[in-house]
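okay, structure incoming, though there's no sequence with it:
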Ligand code: C2E
Ligand code: CA
Ligand code: CA
Ligand code: CA
């Protein structure tokens, strides 16, 4: 209550100062947020581009702050990375995502063929006990490894390519699959790409969004899709926002899409309804 009184004067504080205070205070609150159960997941459908069939979900974390309301991951994930809290948070996300999928599979046979994609952060990926940690989560939740897909970035793998590839191989032996997230935005190394034991490339939505403004951008997306296919990878387009995007990407033989045109990130309840909904084929 005292804090609320103080905030009334914030109109007089310079913006940068205000931002620093917000940051420090959020960092502090983030430590408590796990055991206070303030985090929750939303699930965004990933569908086949040519006939809109549900193939799985990407789990996206949200933070319901007691006073500030909903804080977006674009703000708190980087803070969690810097402070190291991402290790505990990432572990929570993985476990919660697996628990949710297992619960769906118990009531809906259709969910047994769906994948749950989970974002792995750089710090999390570089942990030496990552493989054991993931094994532990699979065991604890009963999640079948073949339904779990991990989203990692090229930049993460390239930090220490040799040990990263080894980690990926160990996880893959368990049955887990991988996609390269935000493809095209990070440190890219074509020669390494073929050595990564991965299944999919996710084209970052900045590329997809820009497709509409110029033919050149369509060409870039086309080349990325061809590159992926030549390496035996399938492609997920992020940020599919319109029918035009859907049709253009389908023509380029991009297999999967994710975006507001199909669905927003959904609550667990609404995601479960999407599993039972008749497919729109
Ligand atoms: P991302 O992995 O690239 O996730 C896709 C982001 O695009 C999500 O933002 C999603 O809500 C948004 N999006 C989906 N469809 C559309 C669309 O059609 N148009 C537009 N403009 N945006 C769309 P969100 O949920 O705010 O997450 C932002 C980023 O935060 C994620 O980007 C990811 O890097 C990170 N993040 C989210 N959840 C987690 C998590 O559990 N762990 C880690 N390490 N990072 C996470
Ligand atoms: Ca992602
Ligand atoms: Ca992205
Ligand atoms: Ca990302």
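Nice, thanks for sending it over. Predicted model, so just to flag it, every value in this text is computed and none were measured. Ligands and ions are numbered 1, 2, ... in the order given.

for the stretch 1-150 of the chain, which residues are neighbours of ligand 2?
Residues of the stretch 1-150 of the chain found near ligand 2 (Cβ under 5 Å from the ion) are residue 119. From N, CA and C alone the C-beta is placed, and that goes for glycine too.

strands along the stretch 1-150 of the chain, start to end?
39-48, 54-65, 69-71, 115-119, 148-152 (DSSP state E, counting those that start in this stretch).

quick one: contacts for the residue of the stretch 1-150 of the chain found nearest ligand 3?
Nearest residue of the stretch 1-150 of the chain to ligand 3, counting by Cβ to the ion: residue 119, 9.4 Å away. By Cβ atoms under 8 Å, 6 or more residues apart in numbering, the residues touching residue 119 are 58, 59, 60, 61, 93, 151, 181.

check what pLDDT the first one gets.
Note on residue 58: pLDDT of 98.

how many other residues sit next to the residue nearest to it when sequence neighbours are not counted?
In this structure, residue 58 finds its nearest non-sequential neighbour in residue 117, 4.3 Å apart by Cβ to Cβ, 6 or more residues apart in numbering. Residue 117: 26 surrounding residues under other Cβ atoms under 10 Å.

ok, now residue 149?
Using other Cβ under 10 Å, residue 149 is surrounded by 21 other residues.

and it, what are its bridge partners?
Going by DSSP bridges, residue 149 is paired in beta bridges with residue 117, residue 177.

pretty sure it contacts residue 176?
Yes - counting by Cβ atoms under 8 Å, residue 149 touches residue 176, with 7.3 Å between them.

what's near enough to touch the residue in the stretch 51-200 of the chain that ligand 3 sits nearest to?
Distances between the stretch 51-200 of the chain and ligand 3 by Cβ to the ion are smallest at residue 182, namely 4.2 Å. Residue 182 is in contact with 153, 202, 204, counting by Cβ under 8 Å, 6+ apart.

switch the cut-off to 10 Å
Each residue near residue 182 by Cβ atoms under 10 Å, 6 or more residues apart in numbering is listed here: 151-155, 201-207, 238.

that one: which element?
Element membership of residue 182, judged by DSSP states H and E, is strand 177-183.

downstream of that strand, the next helix or strand is which one?
Counting by DSSP H and E, what follows strand 177-183 is helix 190-193.

and whatever helix or strand comes next after that following helix, what does it pack against?
The first helix or strand that comes after helix 190-193 along the chain, using DSSP H and E, is strand 200-203. The contact analysis (3 or more Cβ pairs under 10 Å, 6 or more residues apart in numbering; DSSP states H and E) places strand 200-203 against strand 115-119, strand 148-152, strand 177-183, helix 215-230, strand 234-237, strand 256-257.

what about 7 Å?
Applying 3 or more Cβ pairs under 7 Å, 6 or more residues apart in numbering; DSSP states H and E, one finds that strand 200-203 makes contact with strand 177-183, helix 215-230, strand 234-237.
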